[in-house]
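Trainee: Provided below for reference: sequence and predicted model.
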Amino acid sequence: MTPTSSTLAPDWAIDVRGLTKRYGTTTVVDHVDLQLRPGRICGFLGPNGSGKTTTIRMLCGLLTPDEGEGHCLGLDLRRDALEIRRQVGYMTQRFGLYEDLSIRENLDFIARLFELPERKRQVDEALERLGLVSRQRQLAGALSGGWKQRLALAACLLHRPRLLLLDEPTAGVDPKARRDFWDEIHRLAAEGITVLVSTHYMDEAARCHELVYIAYGHLLARGTEREIIAQSGLTVWAVQAEREDPAALAPLVTPLKQAPGVQSVAAFGSALHVAGSDPAALEQAITPWRAQPGLRWAPAQASLEDVFIGLIGQSRDNMEAAR
Ligand SMILES: Nc1ncnc2c1ncn2[C@@H]1O[C@H](COP(=O)(O)OP(=O)(O)OP(=O)(O)O)[C@@H](O)[C@H]1O
């Protein structure tokens, strides 16, 4: 650790530039810049295999970047990787629990690893905070997804990290447990803890202070939900069948997807959203269908999902063009 790094209160909890990771000839994270202020909750979004886990592992000192530099909690990503690991709470997709140990034993084991003082008190407090006291003797392997998640969060908070890196923490967890989890994340942020959380759920994206979106290793968008939607410059038309008959919309999907000016076509409840960045071209694309009886067309507000679906399509096109 550098002599000054532990004494400075950093302006940024995360401040990295040009982060790059390659496996063989494939670049899975490609010059990613990421800045996050302390106490903020940042949603990390992107399709499967887009490089979220790899980025998170580089940020917490578990993977060495091939290129790029920066700091987490004021600590140098390369020089201070070990210290970063001590100060960051990392929750993996599979929760990383010992299934044949009880809840208390799991927490006690982590407390030993971090050589925490007053271990029993700290474990008691963690059990209390996450509502795990009455279940402390249960084996981790016998818990439901929601309780496992709660235990994993308790485990990664035990050493009082100031930065939490959470990799799809709510995958496979029911809505009530997800809501409790997000309430806890907001309580932690209010205490000054910074959170970077990867998710595929749009309702969770809306609960974040800010968002970053990555596809094929490239960071494609960042900002608040409102900023990302505004920056996208997307125009959206919604079409519904007058008799609420979803089958009436099915014949539109493929031709609209192939029409010039259409960036994405996606179902939203009983409507289809047709989106594009050139309003005139989009209108031309939908014109043949607007005359069709039984369909109701109306301009719609672009949603985050519209924007992200459009971004995936664009980046796929760019990748194919570059081949
Ligand atoms: N150790 C490795 N060796 C080779 N390729 C790897 C390795 N780890 C990850 N990859 C590849 O890197 C790419 C990015 O993977 P990563 O797990 O970071 O994506 P992700 O965005 O977290 O995906 P998901 O949402 O599915 O968890 C994928 O194509 C993956 O197969």
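Mentor: Received it, and whenever you're ready, just let me know what you need. Keep in mind the model is a prediction, meaning the values are calculated, not measured.
Trainee: Show me the strands in this structure, by range?
Mentor: Taking DSSP state E to define them, one finds strands in the chain at 14-23, 26-36, 41-45, 67-72, 75-76, 88-91, 163-167, 194-198, 210-215, 218-223, 235-241, 264-268, 271-276, 295-300.
Trainee: looking at the ones you listed, which is closest to His186?
Mentor: Distances from His186 to each of these were compared using Cβ to Cβ; the minimum, 7.1 Å, belongs to strand 41-45. Yep, even glycine has a C-beta here, placed from its N, CA and C like the rest.
Trainee: now check that closest one, is it near the ligand?
Mentor: No. Remark: strand 41-45 sits outside contact range of the ligand, by Cβ under 6 Å from any ligand atom, the gap being at least 8.5 Å.
Trainee: any idea what sits nearest Asn314, other than its immediate chain neighbours?
Mentor: Heads up, residue 314 is Gln, not Asn. When the adjacent residues along the chain are set aside, Gln314 lies closest to Gln263, with 7.0 Å between them (Cβ to Cβ, 6 or more residues apart in numbering).
Trainee: One more: Arg178?
Mentor: Setting aside the residues directly before and after it, Arg178 is nearest to Thr170 in space (Cβ to Cβ, 6+ apart), at 4.7 Å.
Trainee: Lowest average pLDDT across the strands of the chain?
Mentor: Within these, the least confident segment by mean pLDDT turns out to be strand 264-268, at a mean of 89.
Trainee: low-scoring stretches of the protein, by residue?
Mentor: Residues of the chain that meet the criterion pLDDT under 70 lie in 1-10, 95, 316-323.
Trainee: circling back: kindly provide the distance from the residue nearest to Gln314 to Thr64.
Mentor: Gln263 is 37 Å from Thr64, where distance means Cβ to Cβ, to the nearest Å.
Trainee: returning to that earlier point: settle this for me: the residue nearest to Gln314 is touching Gly233, isn't it.
Mentor: No. Under the criterion of Cβ atoms under 8 Å, Gln263 lies out of contact with Gly233, with a separation of 10.6 Å.
Trainee: which residues are in contact with both of those two?
Mentor: Overlap of the contact sets of Gln263 and Gly233 (by Cβ atoms under 8 Å, 6 or more residues apart in numbering) consists of Ser277.
Trainee: Which one of these two is surrounded by more residues?
Mentor: Higher neighbour count among Gln263 and Gly233: Gln263, with 25 against 13, using other Cβ atoms under 10 Å.
Trainee: For the more buried one, list the residues it contacts.
Mentor: Applying Cβ under 8 Å, 6+ apart, we find Gln263 in contact with 234, 275-277, 309-310, 313-314.
Trainee: ok, 7 Å please
Mentor: Residues near Gln263 by Cβ atoms under 7 Å, 6 or more residues apart in numbering: 275-277, 310, 313-314.
Trainee: quick one on the thing from earlier: burial check on the residue nearest to Arg178, number of neighbours?
Mentor: 23.
Trainee: Tell me how far it lies from Pro47.
Mentor: In terms of Cβ to Cβ, Thr170 sits 17 Å off from Pro47.
Trainee: ditto for Leu249
Mentor: Here the distance between Leu249 and Pro47 works out to 24 Å (Cβ to Cβ).
Trainee: same check, this time on Glu69
Mentor: Using Cβ to Cβ, one gets 27 Å for the distance from Glu69 to Pro47.
Trainee: how far is stretch 120-136 from where the chain is centred?
Mentor: Relative to the chain's own centre, stretch 120-136 is displaced by 27 Å; criterion: Cα atoms, centre = their mean, to the nearest Å.
Trainee: Give me the contact list for it.
Mentor: Contacts of stretch 120-136 with the rest of the structure, by Cβ under 7 Å, 6+ apart, involve 102-104, 107-108, 111, 116, 147, 150-151, 153-154, 157-158.
Trainee: Neighbour count for those residues - can I get that in TSV?
Mentor: TSV is the format used below for the contacts of stretch 120-136 (neighbours: other Cβ atoms under 10 Å):
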residue	neighbour count
Ser102	19
Ile103	28
Arg104	20
Leu107	27
Asp108	19
Ala111	21
Leu116	17
Trp147	19
Arg150	24
Leu151	26
Leu153	24
Ala154	23
Leu157	21
Leu158	22
